[in-house]
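Asks: What follows is a predicted structure for the sequence shown.
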Amino acid sequence: KRGNIYLSGAGPSAWHEEYPVAKGKRQSPVDINTNKTKFDPKLAADPLTIRFSDSCCQSIVNTGISFQVTSNGAGCELSGGPLDSTYQFAQFHAHWGAYLKTTGSEHTVDGVSYPAELHLVHWNTKYDDFKDAVDKPDGLAVIAVFFKRGKEHPGFGKIQDLFSKIPAKGAKVNIDFEFNPGLLMPPDSENYWTYLGSLTTPPLYESVTWIVMKEPLEVSVEQIAILRTLLWETPNGVSQMYNNFRPPVPLRDRVIRASFG
Ligand SMILES: NS(=O)(=O)c1cc(F)cc(F)c1
Ligand SMILES: [Zn+2]
């Protein structure tokens, strides 16, 4: 019961008991109210530079709360837009909902959820490594990509083909084929929202510059279902992994900026 942060106790609403920062001033995720976002011409003037390489994904692991494709970051860097420094790619994972439910994403847009949300995690190279960066106010930059049901995404399918090899928490396999995470960017990755927030799972460090892509990525309904074939520990034993998302928290005294008008 204890192992599963979403299902032990009251779940996300109880995280503040062990992690008081859960009620902090720059927590994530949030609802993106498009009537209150503010276009920032500076973001358009200094476009985000997202660089990935074919050789940057080493392995995939079952973290017990998601899958995680881990990278040594070689040739995978993020800069520009809201960022004052170069950030290096570390890993990507996702959050998703339950069968026949409309919830699943962490961020919402005008109160609407997507069935799943991908996170591509980068750390600020002004710090020595990810571990040093993870709890600094400018330590991380995470690109969030919404998944929506539509045509199949063969690229993501190649990652999902590995799920059967990582059936339990801690299971890990090498990725021995080329996979460029750039495949997971939506066709138009110019339009995004950005705000200062946090990790969306404990320890909830307020260290993330969020870059939320406006355009979702299409994957098939079967691919959304395959996410739930990953397994995790629950109070009633090992079962399918789903609803591994934190619902939106108050925006407090923040403005979400848009890179588009
Ligand atoms: N879900 S998230 O992207 O905010 C995230 C990223 C990370 F590197 C560690 C975490 F615990 C959580
Ligand atoms: Zn995440």
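Replies: Done, it's in. Ligands and ions are numbered 1, 2, ... in the order given.
Asks: For the nearest residue to Tyr87 once chain neighbours are set aside, list the residues it contacts.
Replies: Nearest residue to Tyr87 in three dimensions, chain neighbours excluded: His122, at 3.7 Å (Cβ to Cβ, 6 or more residues apart in numbering). (C-beta placed from N, C-alpha, C; glycine too.) The contact partners of His122, by Cβ atoms under 8 Å, 6 or more residues apart in numbering, come to Cys76, Glu77, Leu78, Tyr87, Gln88, Phe89, Ala90, Leu140, Ala141, Val142, Ile143.
Asks: Please repeat the previous calculation with a cut-off of 6 Å.
Replies: Counting by Cβ atoms under 6 Å, 6 or more residues apart in numbering, His122 makes contact with Leu78, Tyr87, Gln88, Phe89, Ala141.
Asks: Out of those, flag the one nearest to Lys131.
Replies: Nearest to Lys131 among these, counting by Cβ to Cβ, is Gln88 at 13.0 Å.
Asks: For the residue in the stretch 1-150 of the chain that ligand 1 sits nearest to, give me its contacts.
Replies: Residue of the stretch 1-150 of the chain nearest ligand 1, by Cβ to the nearest ligand atom: His119 (3.7 Å). With contact set as Cβ under 6 Å, 6+ apart, His119 has these partners: His93, Val142, Ala144.
Asks: Leaving out chain neighbours, which residue sits closest to it?
Replies: Val142 (5.2 Å).
Asks: what's the answer for Gly155, then?
Replies: Gly155's closest residue in space is Leu183 (Cβ to Cβ, 6+ apart), at 3.7 Å.
Asks: Tell me which residues of stretch 108-118 come out buried.
Replies: By neighbour count on 16 or more other Cβ atoms under 10 Å, the buried set for stretch 108-118 is Thr108, Val109, Ser113, Tyr114, Pro115, Ala116, Glu117, Leu118.
Asks: And those, which is closest to Thr229?
Replies: Using Cβ to Cβ, the buried residues of stretch 108-118 come closest to Thr229 at Ala116, 13.4 Å.
Asks: and for stretch 154-173, what are the contacting residues?
Replies: Stretch 154-173 has contacts (Cβ under 6 Å, 6+ apart) with Ser59, Ile60, Val61, Asn62, Gly64, Leu183, Val219, Ile226, Thr229, Leu230, Leu231.
Asks: ugh, wrong one, I meant stretch 128-143
Replies: With Cβ under 6 Å, 6+ apart as the criterion, stretch 128-143 contacts 78, 83, 87, 90, 119-124, 127, 205, 207-211.
Asks: Mind checking if that stretch is in reach of ligand 1?
Replies: Yes. Judged by Cβ under 6 Å from any ligand atom, stretch 128-143 and ligand 1 are in contact via Val142.
Asks: mean confidence for that stretch?
Replies: If you average the pLDDT over stretch 128-143, you get 98.
Asks: Export only the CA atoms of that stretch, formatted as CSV.
Replies: The C-alpha coordinates for stretch 128-143 follow below in CSV (Å, rounded to 0.1, in the frame of the first residue of the first chain):
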residue,chain,number,x,y,z
ASP,A,128,27.1,19.4,-12.2
ASP,A,129,24.5,16.8,-12.9
PHE,A,130,20.8,16.0,-12.7
LYS,A,131,20.9,15.2,-9.0
ASP,A,132,22.5,18.6,-8.3
ALA,A,133,20.0,20.4,-10.4
VAL,A,134,16.8,18.6,-9.4
ASP,A,135,16.1,20.8,-6.3
LYS,A,136,17.3,24.2,-7.6
PRO,A,137,14.8,26.9,-8.7
ASP,A,138,16.2,26.9,-12.2
GLY,A,139,17.3,23.3,-12.1
LEU,A,140,15.0,21.6,-14.6
ALA,A,141,13.0,22.2,-17.7
VAL,A,142,10.3,19.7,-18.7
ILE,A,143,8.6,19.7,-22.1
